[in-house]
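Student: Could you look at this predicted model? Sequence included:
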Amino acid sequence: MTHSPKKIRLPLDGVLLLDKPAGLSSNDALIKAKRLLNAKKAGHTGTLDPFATGLLPLCFGEATKFAQDLLDADKTYETVVHLGIRTDTGDTEGAVLAQSAVHVTRSQIEAVLAQFRGEIEQVPPMHSALKRDGKPLYEYARAGITLERDARRVIILALELLDYAAPYLRLRVSCSKGTYIRVLGEDIGAALGCGAHLQALRRIRVGNLELEGCVTLDALAATDEADRSRLLAPVDALLSSFPAIHLPATLAQRFLHGQRLALGKEGVVLPADLGRVRVYDESGRQLLGTAQLQEYGILAPERLISTQHP
């Protein structure tokens with residue numbers, strides 16, 4: 001019996017801006033995209049709940065080195081909050097815990113929303129991937145166990161009422177990392193006195209990346225296999241919020257060897273502010289990595305792009 005040769009995976013570098021469908025975990029979406037692209041190395045930049053849809057940036061090859069930047073980035077969501085019904089998961093996937101009549105006016109909603117703008121405290125939900133003693137909280141929850149969780153400080157940068165047609169409340173939320181929109185919806189429902197859960201959740205922005213131009217798994221599958229890699233954005237799409245520095249060839253080589261560079265007398269144009277920067281070769285076409293620009297023009301390498309694949 002003959003065996004077909006094992007398919008050689010491709011060393012692709014770049015970012016796929018995926019529009020994740022409902023009903024699929026972030027990891028399952030990553031596995032499907034990785035298989036469709038026949039990619040060697042891939043990772044995602046923070047999970048979306050299975051019932052949620054929208055922007056899920058997937059990193060391939062060298063882009064995986066910069067995934068943390070999106071984990072730390074601010075995010076924007078649009079959500080539909082169903083007032084009057086509480087579930088044990090805070091979303092449509094859970095069992096109903098309680099139902100209440102909804103007699104809430106738009107002005108009452110606006111007054112409550114004002115309480116949740118800015119820095120607030122949230123208690124992480126039991127149905128989450130946070131770990132306790134090496135086990136995610138959702139495993140305890142599925143076993144009927146509820147554990148004490150400390151409240152965390154998060155920042156609601158913007159909270160906008162898009163529409164209200166009882167019992168449905170449509171909101172746009174911009175928030176810091178670590179914010180649970182399910183918990184926000186539940187807390188808003190509690191403040192209104194009727195309880196609530198999320199009926200829908202869609203992520204529309206992560207850092208500087210937006211939903212516009214995203215690709216669905218169906219569209220990826222429908223694209224000719226030889227052309228799928230063209231749907232990847234370049235690695236530096238993850239780094240567009242950081243100022244750029246361009247290095248001449250001799251300095252670029254030293255930078256790629258992890259050497260700290262004193263740029264004050266090298267004639268390199270430096271940004272006005274210190275801190276995180278993206279570093280390119282002199283042409284600006286080749287990303288070399290990221291670095292910290294320190295006092296006196298010192299450039300300290302941080303994460304470097306590999307110039308060749310193993």
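Tutor: On my side now, so go ahead.

Student: where do the helices sit along the chain?
Tutor: Counting by DSSP state H, residue ranges of the helices within the chain are 26-37, 67-71, 106-115, 137-142, 181-192, 217-222, 249-256.

Student: And the ones you listed: which comes nearest Arg9?
Tutor: helix 26-37 (8.6 Å; CB to CB). C-beta coordinates here come from the backbone N, C-alpha and C atoms, glycine included.

Student: Okay, Ala114 and Arg182: tell me how far apart.
Tutor: Going from Ala114 to Arg182 by CB to CB, to the nearest Å gives 21 Å.

Student: what residues are up against Ile204?
Tutor: Counting by CB atoms under 8 Å, 6 or more residues apart in numbering, Ile204 touches 54-55, 76-78, 172, 210-211.

Student: Longest strand in the chain, please.
Tutor: If you go by DSSP state E, the chain has its longest strand at strand 152-165.

Student: how about that strand as PDB, C-alpha atoms only?
Tutor: What follows is strand 152-165, C-alpha atoms only, in PDB (Å, rounded to 0.1, in the frame of the first residue of the first chain):
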ATOM      1  CA  ARG A 152     -10.100  43.700  38.500                       C
ATOM      2  CA  ARG A 153      -9.700  47.300  37.400                       C
ATOM      3  CA  VAL A 154     -10.500  47.900  33.700                       C
ATOM      4  CA  ILE A 155     -11.200  51.000  31.700                       C
ATOM      5  CA  ILE A 156     -14.300  51.700  29.600                       C
ATOM      6  CA  LEU A 157     -12.900  54.200  27.200                       C
ATOM      7  CA  ALA A 158     -16.300  54.800  25.400                       C
ATOM      8  CA  LEU A 159     -19.800  53.400  26.000                       C
ATOM      9  CA  GLU A 160     -22.400  54.500  23.400                       C
ATOM     10  CA  LEU A 161     -26.100  53.700  23.200                       C
ATOM     11  CA  LEU A 162     -26.700  52.800  19.600                       C
ATOM     12  CA  ASP A 163     -30.400  51.700  19.900                       C
ATOM     13  CA  TYR A 164     -33.000  50.700  22.400                       C
ATOM     14  CA  ALA A 165     -36.100  48.700  21.500                       C
END
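
Student: buried ones in it?
Tutor: 154, 156, 159, 164 (16 or more other CB atoms under 10 Å).

Student: and what of stretch 209-216?
Tutor: Neighbour-count burial for stretch 209-216 flags 209, 211, 214-215 (criterion: 16+ other CB under 10 Å).

Student: From those residues, pick the one nearest Ala249.
Tutor: Lowest distance from Ala249 to the buried residues of stretch 209-216 (CB to CB) belongs to Leu209, with 31.1 Å.

Student: and that closest one, bridged to which residues?
Tutor: Using DSSP bridges, the bridge partners assigned to Leu209 are Val206.

Student: so it makes contact with Ala237?
Tutor: Yes. The criterion here is CB atoms under 8 Å, and Leu209 meets it with Ala237 at 6.8 Å.

Student: right, and Asp19 touches Thr216 too?
Tutor: Yes. Look at Asp19 against Thr216 with CB under 8 Å: they come within range, at 5.0 Å.

Student: hang on, the earlier thing: now tabulate the helices of the chain in CSV and tack on mean pLDDT and mean neighbour count.
Tutor: Formatted as CSV, these follow (pLDDT from 0 to 100; neighbours: other CB atoms under 10 Å):
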stretch, mean pLDDT, mean neighbour count
helix 26-37, 94, 18
helix 67-71, 81, 17
helix 106-115, 97, 14
helix 137-142, 75, 16
helix 181-192, 96, 22
helix 217-222, 96, 13
helix 249-256, 93, 16
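
Student: Good, we can wrap up now.
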